[in-house]
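Visitor: I would like to see how this sequence folds:
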Amino acid sequence: MPTDESKLPKHYVSMKERYPELSAAVEGLGSAARAAGPLDIKTAHLVQLAAAAGVRSEGSVHSHTRRALEAGATPDEIRHAVVLLTSTIGYPLTAAALSWVDDVLG
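Guide: Presented below is the predicted three-dimensional model:
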């Protein structure tokens, strides 16, 4: 299920329009990385969500939350993927990442 373009951040859409070849290459890299191994798409997006939280990328947390939902993850699974990071990235960053997840989940 593709993401509704109207729900994407304006800056992201603008970047895709300005740099279509670069955007296609980045999207292709993500697709190739997910296809390179045995993880299912839902798990792959949960892993990417955790990495996005770890590098403090609010936009990527939003994106991978949406993508994980589209891949069949439940809100509880998404929140748990972030809560699991508490002992690795610390409570304050985990709390921030959960607030970014909740921007998408409501």
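Visitor: tell me the domain boundaries of this protein?
Guide: 8-37, 40-106 (automatic domain parsing).
Visitor: can you list the ones you listed in TSV and add mean pLDDT and mean neighbour count?
Guide: Just so you know, the C-beta spots here come from the backbone N, C-alpha and C atoms, and that holds for glycine as well. Below are these laid out as TSV (pLDDT from 0 to 100; neighbours: other C-beta atoms under 10 Å):
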stretch	mean pLDDT	mean neighbour count
domain 8-37	92	11
domain 40-106	97	17
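Visitor: list the contacts of Glu77.
Guide: By C-beta atoms under 8 Å, 6 or more residues apart in numbering, the contact set of Glu77 is 42, 46, 68.
Visitor: quick one: it from Glu27, how far?
Guide: Between Glu77 and Glu27 the computed distance is 24 Å (C-beta to C-beta, to the nearest Å).
Visitor: got it, and Glu58?
Guide: Applying C-beta to C-beta to Glu58 and Glu27 gives a distance of 20 Å.
Visitor: go on, Val104?
Guide: Taken as C-beta to C-beta, the span from Val104 to Glu27 is 19 Å.
Visitor: if we ignore the residues flanking it in sequence, what's nearest Ala50?
Guide: Leaving out its chain neighbours, the residue that sits closest to Ala50 by C-beta to C-beta, 6 or more residues apart in numbering is Ala81, at 5.5 Å.
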